[in-house]
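1. Okay, predicted coordinates and the sequence, questions at the end:
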Amino acid sequence: MAASVVLLVTLMATLLAPASALGSEREKPKPYALIFGTVWDPDGHPLYAVTVKIRRADEKKARWELYSNHTGEFAQRVPAGKADYIVWADVKGYKLPSGKKLKPGSEVTVHIDDDERSDIGLHLDW
């Protein structure tokens, strides 16, 4: 009986103790920068499900590939710190309901200095 009371008290103390008192402090999240953008058609309408690719300026291949959402927006976390990134839309195989063909617009260069957000627009051509 006494052993079960001690066990119950120990269990309650463990559950009620703050996490830092238990020695398991939370790790601080790593800092990051955010590249946020919108994909636009030539008429100024946002486009859904367009492939967006991002690479560091000193690399040849895309490091990140994502898709624009229903409002044409996309967001990608990149490491904090000085770096340049190239962002572009890949419209290969993309079909509009109207049947019109899209051409990729210009690549956009994004400069990041630290843990910040950079907002851009990707404008496509006919």
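-> Everything's here; your move.
2. How many residues are close by the spatially closest residue to residue 45 that is not a sequence neighbour?
-> Leaving out its chain neighbours, the residue that sits closest to residue 45 by CB to CB, 6 or more residues apart in numbering is residue 72, at 7.8 Å. Yep, even glycine has a C-beta here, placed from its N, CA and C like the rest. Residues within reach of residue 72, counting by other CB atoms under 10 Å, total 19.
3. can you check the one 3 residues further on too?
-> Per other CB under 10 Å, the neighbour tally for residue 75 reads 13.
4. other SSEs contacting the helix or strand containing it?
-> Using DSSP states H and E, residue 75 sits in strand 73-79. Secondary-structure packing of strand 73-79 (3 or more CB pairs under 8 Å, 6 or more residues apart in numbering; DSSP states H and E): strand 32-40, strand 51-56, strand 64-67.
5. Which positions in the first one come out as buried?
-> I take that to be strand 32-40. Residues 33, 35, 37, 38, 39, 40 are the ones in strand 32-40 that count as buried (16 or more other CB atoms under 10 Å).
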